[in-house]
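Coordinates for the following, if possible.
(2 chains)
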Amino acid sequence: MLLIPCPWCGDRDETEFHYGGQAGVPYPERPAELTDEQWGEYLFVRDNPKGEFAERWSHSAGCRRWFNLVRNTATHEIVR
Amino acid sequence: MRLPEGGRIDRTKPLRFTVDGIEHTGCAGDTLASAMIANGLLTVAPSTYLGRPRGIFAAGVDEPNALVQLDDPMQLATTVELVDGLAATTLRGKGRLTDEPDAARYDKRNAHCDVLVVGGGPAGVAAALAAGRTGARTILADEQRELGGSLLTENRLLDWLADAVEELDALPETRVLTGTTAFGYYDQNFVACASKTRLWHVRAKHVVLATGAHERPLVFVDNDLPGIMLASAVRQYVNRYAALPGENIVVATTNDGAYGTAFDLAGRVSTIVDSRSEPPAELVNRARELGIEVLAGSTVRQALGTQRIGGVRVGDREIACDVLAVSGGWNPAVHLFSQSQGKTRYDERKAAFVPDKSVQAQHIVGAANAVYDLTGCLDEGFSAGIEAAKMTGFDGEKPAAPYTAREVITDPHPVWFVDGPEGRQFVDLQRDVTVADVRRATGAGMRSVEHVKRYTTIGTAHDQGKTSGFAAIGVIAQLLGAESPQGTTTYRPPYTPVSFALLAGRDRGELHDPVRKTPMHDWHVRNGAVFENVGQWKRPWYYPQPGEDMKAAVLRECRAARTDVAVMDASTLGKIDIQGPDAGEFLNRVYTNAFAKLKVGHCRYGLLCKADGMVFDDGVVMRVAEDRFLATTTTGNAAAVLDWFEEWAQTEWPDLEVWFTSVTEQWATIAVVGPQARVVLAIVAPDVDCSQDAFDFMTFKDAFLADGTPARIARVSFSGELAFEINVDGRAGARVWDAVMATGLPTPYGTETMHVLRAEKGYVIVGQDTDGTVTPQDLGMEWIVSPRKDFVGKRSYQRPDATRPDRKQLVGLLPTDPDELLPEGAQLIAPDTPLTPPVPMLGHVTSSYHSAALERTFALALVKGGRQLIGRTVLAPLRDRTIAATITEPIFYDPEGARRDG
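Numbers count the residues shown, from 1 in each chain, chains lettered A, B, ... in the order given. Below is the predicted model:
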């Protein structure tokens, strides 16, 4: 079980958190101007690296705040 | 037999026990296995598949043979502590689960520490002492009843050990958990430990693994006969338990370790068979002094005997014996290390996989690190304890070693297996797998031990390959002509079996999942409600009167709502209080329809979709003030909707000033439904003018009820009838419900009637008529999708997939036979479709009921291109019959909406 550093509450067990997938995939500013491919890319396509991965987490059973962290998907080390 | 003196047993405390119904006597401090050996019982149940005689082989968790049935199935005689009255049955293979519920109370406990030391042998005790003395919060966990590990087997440093145990007990920040097995090592030093009735979740800043090593067997012909035992096990039975398994012992070894067994049993050991051509002179000389013959460069080719070993064949010689103590070398117990993602490498000199690189904050010391001399183990333990404490912010001196003699361990000479009939050379005693089986696997082209394991089942028994795993690796290497073993199988938790009862703890029965009840729950119980579970909520399903079945009760409740007045407890609906100057703008962005301009005091039904455009949730939103809304959600989705709001507000629009609070349980809600609803309201809330002119549909009023209770009354309807929802403080819910019922007018109704009433009107239930692949347009709800403003997911409606003409669309179904009820979930096909698979499906039934108002059955369904098929017939082929139905508009009752005004 991961020990996740919530920026507001400190280190907490993974069971208190909700995973939010890849970080840095903003909702497009003007969706209507995107092609179907671009919109489909936003909806469905995410990176899946072996190694460091910036991802979103929500401290859903705690302060309910969302935050980003970088985790190594091979070792589960939380890098920052 | 029991030796007259020695051992750590208490001869003054005899314990009676039975094995297979025959009574014996052991002593306090015995394991079941040591007591059996003391009573001359070495043979256990025959092997699982071949029925060959088997005996006690090991002295700990690595035991492959001595399975017994107690109250719990499949326990190891070697790890069961003897208690008075113990009744054991030897097991051939599988055990039996008892039918009785487990009455023991299991608990879970979280523990945080600076240093967790796993293993209470010399290295572990040293590490715990060093760390504990610095004041670091230290936990020492060991699977055995008492600390000491190999010291107890070897009868060494017992005075130092006794002092150490006393000191550890006295250290204020140190906790010693004996009888507690660390069985799972997870990310960020989360280690799960199991004692008999307690599951420990330990989170440690630093871990010291001192998990020791497992002795390996030797693979030769008939190496499974009773009387063949691990050398360290023989030594442990004699030294620790004063239990002697035989009088005439031969030792077969590849390394130095087994000499200790021979020396401790001098006088009963005739021969040491050593695979090394030049064993260390010091050991050979010592053996000769003790009258033990050493056969160097030799190995046992075959065990002799039928029911128990009677001798061994070494070269051309036959040597008589009643016990053969074997040592095929040592495997560092890297199970937890590997679980923690640590990497191992094969060490040619030590002929073993040894720890190479840690991934987590940890040390691995002693025999687990392939250090086999006592001085080295103690030194590594003390160093690791101090270093671990320093890394967690403490400081201290490395303790002085109690023992510093220089012990040279000479390299082993591994023997993977000895030539002979391969069908009788056992690799896995529990699974009855032989060298011949491994050869079949390699002959079929397998090279990886992972494949061979799965093909032969080696290492898949209760012992998970503790003795057989490396034996298999060696045999594979030899069969393939490899220079050295090529890798291990993956080590996965649990290290030793853990009972489901322990993992469940108290989370079973009534405590398995929280039960949520509304403030009016007791009234529902008193009035005979049948409940259904909606998420964690208990909701009244229907209220049968004497002699009524469900169908009759629901028809009666429906009739009351359509022709008179009926009430429902709607308190379980999710409620979210939304506040802030940008609350309206926020709702505009997440709901498909507009909310920013909703007037204070008004309500609006809203639909939420995910970014892919699929319906996610729905509910009525009230505007309480310019900067405050109260949104309702479906009962089962309340938490998900709150999370959804938080996600968008925090991650995409942090500039919006808006905040969310769950208030589901702060409110109790009573829906008063039916043409006579105003009569009830006039009594319960006499100050509220609820006439058509004074109280518009989709508005709400804050008012006081007749008894002074403040209430928020909303005119909303999920049935098409005139309806009001009375919302009050949750704590007043039961009282106000009583007041409503005291009018003597309404009929209480449950969720089934609610479902029928809404389906008659074609109102969908998210999660029943939708499944995450349904757009608002599929539901015929284009009217709720704003063409003017943008909202999350709007772009998705232009995707080609969203505009396909053959998307499944919501339609109504009227069975041709008005008494036929279509089963929900039934698949629909076009007429004349052949029923030979694959049968092309048109869609499926999502909701289906008997209707009192229609005096017939009806259904809702999702059908491909359904709106183009209105008026056509579809078939629902069932197991015993086929139901025909006509596709209709998904609205069956009062399509013009005349009834909502009463």
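
Local confidence estimate at the residue of the stretch 651-800 of chain B at minimum distance from chain A?
Nearest residue of the stretch 651-800 of chain B to chain A: B:Arg795, at 3.6 Å (CB to the nearest CB). From N, CA and C alone the C-beta is placed, and that goes for glycine too. pLDDT for B:Arg795: 96.

for it, helix, strand, or coil?
helix (DSSP: H, G, I helix; E, B strand; the rest coil).

correct me, but it touches A:Pro31?
Yes: the pair B:Arg795 / A:Pro31 is scored as a contact, 3.6 Å apart, by CB atoms under 8 Å.

could you pull out the strands for chain A?
Using DSSP state E, the strands of chain A run over A:3-6, A:10-13, A:18-22, A:52-58, A:66-72.

Same list, these, but as TSV with mean pLDDT, mean neighbour count and distance to B:Pro217 please.
TSV is the format used below for the strands of chain A (pLDDT from 0 to 100; neighbours: other CB atoms under 10 Å in any protein chain shown; distance: least, CB to CB, whole Å):
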stretch	mean pLDDT	mean neighbour count	distance to B:Pro217
strand A:3-6	96	18	39
strand A:10-13	95	14	41
strand A:18-22	95	14	45
strand A:52-58	97	19	44
strand A:66-72	96	17	39
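
of all the residues in chain A, which ones are close to chain B?
A:1-3, A:13-14, A:18, A:20, A:26-28, A:31-32, A:34, A:36, A:39-40, A:42-44, A:56, A:58, A:60, A:64-66, A:75-78 (CB under 8 Å from any CB of the partner chain).

Now list the buried members of these.
Neighbour counting with 16 or more other CB atoms under 10 Å in any protein chain shown marks A:2-3, A:13-14, A:18, A:20, A:31, A:34, A:39-40, A:42-43, A:56, A:58, A:60, A:64, A:66, A:76-78 as buried within those.

show me the contacts for the residue of the stretch 651-800 of chain B closest to chain A.
By CB atoms under 8 Å, 6 or more residues apart in numbering or on different chains, B:Arg795 lies in contact with A:28, A:31-32, A:34, A:39, B:613.

I'd like to know which of the residues you listed is nearest to B:Asp84.
Of all these, B:Asp84 sits closest to B:Gly613, with 70.1 Å by CB to CB.

follow-up on the earlier one: mind listing which of the contacts of B:Arg795 are in helices?
A:Trp39 (DSSP state H).

and which of the contacts of B:Arg795 is nearest B:Ser484?
Comparing these against B:Ser484 with CB to CB places A:Trp39 closest, at 55.4 Å.

right, and the closest one touches A:Ala32 too?
No: between A:Trp39 and A:Ala32 there is no contact under CB under 8 Å: 9.3 Å.

how close does B:Pro4 sit to chain A?
52 Å (CB to the nearest CB, to the nearest Å).

Using the three-state scheme, assign B:Val849.
One correction, residue B:849 is Tyr, not Val. B:Tyr849 ends up strand, using three-state DSSP.

Let me see the contact set for the nearest residue to it once chain neighbours are set aside.
Take B:Tyr849 and drop its neighbours on the chain: the residue closest to it by CB to CB, 6 or more residues apart in numbering or on different chains is B:Val756, 4.5 Å away. With contacts defined as CB under 8 Å, 6+ apart, B:Val756 is in contact with B:554, B:558, B:849-852.

now these in a markdown table, with neighbour count and pLDDT?
Formatted as a markdown table, the contacts of B:Val756 follow (neighbours: other CB atoms under 10 Å in any protein chain shown; pLDDT from 0 to 100):
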| residue | neighbour count | pLDDT |
| --- | --- | --- |
| B:Val554 | 27 | 98 |
| B:Cys558 | 25 | 98 |
| B:Tyr849 | 24 | 98 |
| B:His850 | 19 | 97 |
| B:Ser851 | 20 | 97 |
| B:Ala852 | 21 | 94 |
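
Including distance to B:Lys517, could those residues go into TSV?
Listed next are these as TSV, based on distance: CB to CB, whole Å:
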residue	distance to B:Lys517
B:Val554	22
B:Cys558	25
B:Tyr849	26
B:His850	29
B:Ser851	30
B:Ala852	29
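
any idea which of those residues is the one closest to chain A?
Using CB to the nearest CB, the contacts of B:Val756 come closest to chain A at B:Tyr849, 35.9 Å.

Next up, the contacts around that closest one.
B:Tyr849 neighbours (CB under 8 Å, 6+ apart): B:554, B:755-756, B:759, B:821, B:857-859.

Also B:Asp395?
B:Asp395 touches B:134, B:389, counting by CB under 8 Å, 6+ apart.

center of the chain, which residue is that?
Using chain A. Residue closest to the average C-alpha location in chain A (CA atoms, centre = their mean): A:Arg56, at 2.0 Å.

I figured it was touching A:His18, is that so?
No: look at A:Arg56 against A:His18 with CB under 8 Å: they stay out of range, at 9.3 Å.

On the three-state scheme, B:Ala561 is what?
helix.

picking up where we left off before, report the contact partners of the residue nearest to the centre of chain A.
Here A:Arg56 is in contact with A:19-23, A:66-68, B:651 (CB under 8 Å, 6+ apart).

how about CSV for those, with distance to B:Gly311 added?
Below are these laid out as CSV (distance: CB to CB, whole Å):
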residue, distance to B:Gly311
A:Tyr19, 63
A:Gly20, 69
A:Gly21, 67
A:Gln22, 68
A:Ala23, 70
A:Trp66, 73
A:Phe67, 71
A:Asn68, 70
B:Thr651, 76
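
Can you show me the strands along the stretch 1-150 of chain B?
Using DSSP state E, counting those that start in this stretch, the strands of the stretch 1-150 of chain B run over B:10-19, B:22-28, B:43-44, B:54-55, B:67-69, B:75-76, B:86-90, B:107-118, B:138-141.

Quickly compare those and say which is most buried.
strand B:138-141 (a mean of 29; mean count of other CB atoms under 10 Å in any protein chain shown).

Which elements pack onto that strand?
For strand B:138-141, the packing partners by 3 or more CB pairs under 8 Å, 6 or more residues apart in numbering or on different chains; DSSP states H and E come out as strand B:107-118, helix B:122-133, strand B:174-177, strand B:198-209.

Of those, give the one that comes closest to B:Ser277.
Closest of those to B:Ser277 is helix B:122-133, at 31.5 Å (criterion: CB to CB).

Strand B:107-118 and the closest one, what's the angle between them?
Going by axes from the mean of the first three to the mean of the last three CA atoms, to 10 degrees, helix B:122-133 is angled at 100 degrees with respect to strand B:107-118.

can you pull the buried residues of the helix or strand B:Ala162 falls within?
Using DSSP states H and E, B:Ala162 falls within helix B:158-170. Across helix B:158-170, burial judged by 16+ other CB under 10 Å covers B:160-161, B:164-165, B:168.

Equivalent analysis for stretch B:589-608, please.
B:589-595, B:598, B:603-608.

Using TSV, lay out those residues together with secondary structure and distance to B:Thr460.
Below are these laid out as TSV (DSSP: H, G, I helix; E, B strand; the rest coil; distance: CB to CB, whole Å):
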residue	secondary structure	distance to B:Thr460
B:Arg589	helix	55
B:Val590	helix	51
B:Tyr591	strand	54
B:Thr592	coil	54
B:Asn593	coil	58
B:Ala594	coil	62
B:Phe595	coil	59
B:Leu598	coil	64
B:Cys603	strand	62
B:Arg604	strand	61
B:Tyr605	strand	57
B:Gly606	strand	55
B:Leu607	strand	52
B:Leu608	strand	48
